[in-house]
Every structure is written in structure tokens, then in C-alpha cells.
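>>> Predicted coordinates and the sequence they were generated for:
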Amino acid sequence: MAFRRFLRGTVPWEQLEGVARAVLNRYGESSGRIVFLEADNWLSTPFVVEDRWFVKLITQQNSLVHALLTTGRNIGAFSSGTEGFFEHFGTPAQMAQHELEATERMRELGVNAPEPIEAFEHNGMGVLVFEYLQDFATLDDLPPEAVERHAPTVFDYLHRMHEDGLAHGDFRSENVLVADDELYFIDATSVREEAIADARAYDIACALGALEPLVGAHTAVDAAARQYTAEELLDADEFLDFVNIRPDHDFDAGAIRGAIEQYAS
């Protein structure tokens with residue numbers, strides 16, 4: 001746990017207060033209510049301003065952790081027989097700007113995501129501001145019948161991104177929010193566009209791995225098959241074991257593999 005805390009890092013209060021004041025000043029507010037969120041996130045410190053703006057603060061420590069995670073994920077991709085396709089941006093401000101631009105692209109494609117407002121640099125830190133979605137749940141908070149109803153939309157959104165050369169790169173149930181019965185994708189990471197075929201297969205494997213514990217392998221694969229061919233699902237099969245060793249995924253890879261093979265036969 002101490003090592004995990006070291007990796008995540010702690011932002012001193014005076015820096016957090018300075019960023020919160022900068023956000024309020026940018027939007028013409030002299031004061032406001034700040035709520036810091038409990039989140040198992042090593043790549044930013046999230047907080048909410050005035051129940052209107054969701055803010056992600058990215059520090060040099062977060063950038064270092066992102067570089068380490070990117071290296072580890074690329075090594076895992078090599079183990080799956082493909083070149084690494086994850087990218088790291090050199091500064092916190094660049095990380096914030098990339099996520100802003102990726103979210104804008106998703107929304108242009110008809111993929112629901114919280115409205116990105118701006119990204120800026122503050123004292124060497126990256127600051128990313130979104131609209132704040134109130135009263136949301138994550139996908140794994142929903143009952144199985146609700147997840148099953150939303151599963152086709154998960155793959156519809158991913159397919160729209162993939163067709164436009166964009167990949168999510170960090171799909172897990174915590175990164176799918178549900179508000180007013182609508183799905184929203186968050187926390188897209190960076191992958192090399194020239195490696196979109198491998199990144200697409202990885203995204204599909206992650207989505208199947210996230211859905212299998214919630215609705216079962218066959219339901220997850222049936223939802224994916226509405227958007228992807230048997231060949232594309234077989235490509236995703238190659239990444240299942242790699243995805244399953246991630247600490248934020250835990251699923252029955254054999255059950256998914258069997259469902260894919262049954263669909264492909």
C-alpha cells in the first residue's frame with residue numbers, strides 16, 4: 001500500500017487550492033464550493049467545483065506514472081505478438097491537452113462523453129476541465145439487466161471510434177458512466193494511430209473482459225458481434241490473456257474465448 005501511495009503521489013494543499021482558485025477565476029467566480037473525490041486513479045487528482053465543473057489535476061508525478069504504465073502495457077502488447085501501441089506525452093499539460101482533444105473527437109463521432117471545456121497549464125501542472133455529470137453510476141454499479149441493455153451501445157461507441165482511427169486504450173467498467181440512462185465514455189488514453197488495428201482488438205478484448213463478469217460471456221460476445229466481424233473478434237481473442245493480467249480486470253477468458261469460437265464457427 002505504501003508503494004501504491006508513492007506512485008499515486010499526494011498534491012500539497014496549497015497547490016490544490018491554487019488550482020481551484022484558478023478555475024474559479026477563469027469562470028468569473030470569486031469563491032465556490034470545492035469537493036475532492038475519492039478515486040483510485042494514479043493519473044490525476046479529481047475534484048468538483050460548484051457542482052458544475054469536473055477538474056482533473058495532472059502533476060509531474062502523474063506523468064511519471066503514466067510513462068511507467070505505458071511502458072508496461074507496451075511490454076504486455078509485445079507478449080501478445082504485436083508491437084506496442086500506447087503513447088506517452090512528455091508533460092502534464094500535454095496529457096491534459098490530449099485527453100481534451102480525444103474527448104472532443106469522441107463527441108464529434110456521436111459518442112457520449114462529458115463536455116470538455118478546456119485544458120490549461122498551472123505552475124507546471126496540467127488542468128483539464130469538463131462538465132460535471134451529477135447522479136451518475138459506473139457500468140459495474142448497474143444490475144445485470146441494465147448492463148445487458150447498454151452492452152450494444154458500448155460496442156457501437158467503440159466501433160464509431162475505431163472507424164475514425166481513434167481508440168480508447170483504457171476501457172474498463174469504471175470508465176463508462178451512466179447518467180439519465182445514457183452512457184458516457186471517459187478517460188480515453190493515447191495510442192498510435194498507425195497501430196489502430198491492434199488497438200482496436202485490444203479495446204474489444206477490454207470491453208468483453210469488463211462485461212463478462214456482469215452479463216456473461218455469450219451476452220457480451222453477442223453485443224460485440226453486432227458491430228464487429230468474426231475475424232475482428234478472433235483478433236481480440238489474442239489480447240484476452242494480456243488484458244486479464246491487469247489488476248483492474250478479472251474475467252473468465254476461457255468463457256469469452258469459447259463464445260467467440262462458437263460465433264466464428
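Perfect, I can see it now. Numbers count the residues shown, from 1 in each chain.
>>> And E194, what's its pLDDT?
pLDDT for E194: 61.
>>> same question, Y263
95.
>>> hmm, who's touching stretch 146-162?
With contact meaning Cβ atoms under 8 Å, 6 or more residues apart in numbering, stretch 146-162 is reached by 105-106, 109-112, 139-140, 142, 167-168, 171, 176, 178, 183, 185, 196, 200, 203-204, 207, 211, 214-215, 219-220, 223-224, 226-228. C-betas here are computed from N, CA, C, even on glycine.
>>> tell me which residues in that stretch are buried?
146-148, 150-151, 154-162 (16 or more other Cβ atoms under 10 Å).
>>> Could I get the full set of helices for the stretch 101-250 of the chain?
144-163, 196-215, 217-225, 230-237, 240-244 (DSSP state H, counting those that start in this stretch).
>>> just the ones you listed: most buried one?
Of all those, helix 196-215 carries the top mean neighbour count, a mean of 24, counting by mean count of other Cβ atoms under 10 Å.
>>> ok now it, how far from the chain's centre?
Computed by Cα atoms, centre = their mean, to the nearest Å, the chain-centroid distance of helix 196-215 equals 12 Å.
>>> what's the answer for stretch 145-159, then?
15 Å.
>>> Same question for stretch 46-53.
Relative to its parent chain, stretch 46-53 has a centroid offset of 19 Å by Cα atoms, centre = their mean.
>>> With adjacent residues omitted, what lies nearest to the residue nearest to the spatial centre of the chain?
In the chain, the centroid-proximal residue (Cα atoms, centre = their mean) is D187; its distance is 3.5 Å. Excluding the flanking residues, the one nearest D187 by Cβ to Cβ, 6 or more residues apart in numbering is N175, at 4.6 Å.
>>> Please work out the average pLDDT along stretch 114-121.
Regarding stretch 114-121, the rounded mean pLDDT is 96.
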